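Visitor: Below are the sequence and a predicted model; questions follow.
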Amino acid sequence: MLRFSTGLRDGVLDATGIREATANGVLRIYSGAQPASADTAVSGTLLVEVTVDGAAFAHGTATNGLNFDAPANAVLSKAAAETWRGNGLADGTAGWFRFCSNPVDSGGASSTLARIDGSVGRSAADLNLSNINILTGVPNTVDVFQISMDQG
């Protein structure tokens, strides 16, 4: 289940919106169980950091940060013009992800940073990957990443 941080929810209620709040962000995939909240500190091992073309990312700059196209039918999708890729940083089984906004995010507990956490699997997960067994140095690509707002 997708979990939005307090900082992201505050942004949605303000003028920011999810697309703007997460602009030029980074997707980090971890082993283990997804934390109870996107405000919680990360758990598990960082397996891969996904950026545009797998290039170096630095919080606070737009360089190689991930973006979303304009929403359509209440769905935000990864920018079609971007290739989301990252090389494995450690060996392990992907269990969950955290999409971090562009401001510095060390992974500690925060109720002000815009974050999205979700499950990772081969199917029926928030982020489906063709292979959830991450290997050091092996490239991983995210072809589809969508956030939807149900009518509720």
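Guide: Thanks, I have the structure now. If you're wondering where the values come from, they're calculated on a predicted model, not measured in any experiment. Numbers count the residues shown, from 1 in each chain.
Visitor: Pull out the buried residues from the longest strand along the chain.
Guide: With secondary structure taken from DSSP state E, the chain has its longest strand at strand 92-100. Burial within strand 92-100, assessed by neighbour count using 16 or more other Cβ atoms under 10 Å, is assigned to Gly92, Ala94, Gly95, Trp96, Phe97, Arg98, Phe99, Cys100. Quick note: C-beta positions are derived from backbone N, CA and C, even for glycine.
Visitor: What is that strand packed up against?
Guide: strand 26-31, strand 46-52, strand 115-121, strand 133-134 (3 or more Cβ pairs under 8 Å, 6 or more residues apart in numbering; DSSP states H and E).
Visitor: rerun that using 7 Å as the cut-off
Guide: With contacts defined as 3 or more Cβ pairs under 7 Å, 6 or more residues apart in numbering; DSSP states H and E, the packing partners of strand 92-100 are strand 26-31, strand 115-121, strand 133-134.
Visitor: neighbouring strands for that strand, and are they parallel or not?
Guide: According to DSSP bridges, the neighbouring strands of strand 92-100, each with its direction, are strand 26-31 (antiparallel), strand 115-121 (antiparallel), strand 133-134 (antiparallel).
Visitor: May I see the helices and strands packed on strand 92-100 arranged in CSV, with mean neighbour count, mean pLDDT and distance to Gly54 as well?
Guide: Below are those laid out as CSV (neighbours: other Cβ atoms under 10 Å; pLDDT from 0 to 100; distance: least, Cβ to Cβ, whole Å):
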stretch, mean neighbour count, mean pLDDT, distance to Gly54
strand 26-31, 23, 98, 11
strand 115-121, 22, 96, 18
strand 133-134, 18, 98, 13
